[in-house]
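Participant: After the sequence you'll find the predicted model.
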Amino acid sequence: MAVRVEAMLSLEWSDALEVPNSPDLANAPAELRRSWVNKADEKQVLATYRAVNAVGDAPAPWWLRALDRGKLSSRAEGHALEDAVTELLSSRPGWVFVPWVDHGEVGYWEFVPSETGVYGPATPTTVQFTASHRGWIHLVPAHRGPGRPQPIDFTVADLRAQIEDIELIA
């Protein structure tokens, strides 16, 4: 008799990513940090992620993927980056945090005024967290029509320095 461990491990990991229900909509990444991956011992979280990821591509927050690759020193460093982006964008008119994303992901910020482009409705400018480069941020310009726009690698410093230009272009 063969026992399939993968399904149970995947189910446990899915539960570990779940944020307990709340009647309020999250307005920032910090408001979503109620799941096991955000609260449990960091070494245990990383070990569990690696076990699940060895079986298949496991969903995870950007900071956990970066931590797993040795590119981020701690979960707290990832949270601090999310908080820095939140501090910048939440204080500016037009920026809204979008918490509903793929399972395990943190969410992203969108610049609502950019939804109405010169030629009609558009997909708004977004700021997304990523583990694909050491700046940890992708800026996706507003776009419309077929095809996917190429994200631009950014840092918090880049975002801070260019935010007014980004809003003007949008």
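Facilitator: On my side now, so go ahead. Numbers count the residues shown, from 1 in each chain.
Participant: Report pLDDT for residue 30.
Facilitator: Per-residue pLDDT puts residue 30 at 95.
Participant: Apart from its chain neighbours, what residue comes closest to residue 166?
Facilitator: In this structure, residue 166 finds its nearest non-sequential neighbour in residue 125, 6.5 Å apart by C-beta to C-beta, 6 or more residues apart in numbering. Just so you know, the C-beta spots here come from the backbone N, C-alpha and C atoms, and that holds for glycine as well.
Participant: surely the one you found meets residue 149?
Facilitator: No. With contact defined as C-beta atoms under 8 Å, residue 125 and residue 149 do not form a contacting pair (9.7 Å).
Participant: Mind checking which of these two has more residues around it?
Facilitator: residue 125 (24 against 15; other C-beta atoms under 10 Å).
Participant: now that we're looking at that one, how far away is residue 56 from it?
Facilitator: 33 Å (C-beta to C-beta, to the nearest Å).
Participant: do the same with residue 133
Facilitator: Taking C-beta to C-beta, one finds residue 133 at 24 Å from residue 56.
Participant: Look at the two and report which has more neighbours.
Facilitator: residue 133 (14 against 10).
Participant: which ones are touching the more buried one?
Facilitator: residue 153 (C-beta atoms under 8 Å, 6 or more residues apart in numbering).
Participant: Against residue 21, how distant is it?
Facilitator: Distance from residue 133 to residue 21, by C-beta to C-beta: 34 Å.
Participant: most residues in a single helix of the protein, which one?
Facilitator: Of all segments of type helix in the chain, defined using DSSP state H, the longest is helix 75-90.
Participant: mind listing what's buried in that one?
Facilitator: 75, 78, 79, 81, 82, 84, 85, 86, 88, 89 (16 or more other C-beta atoms under 10 Å).
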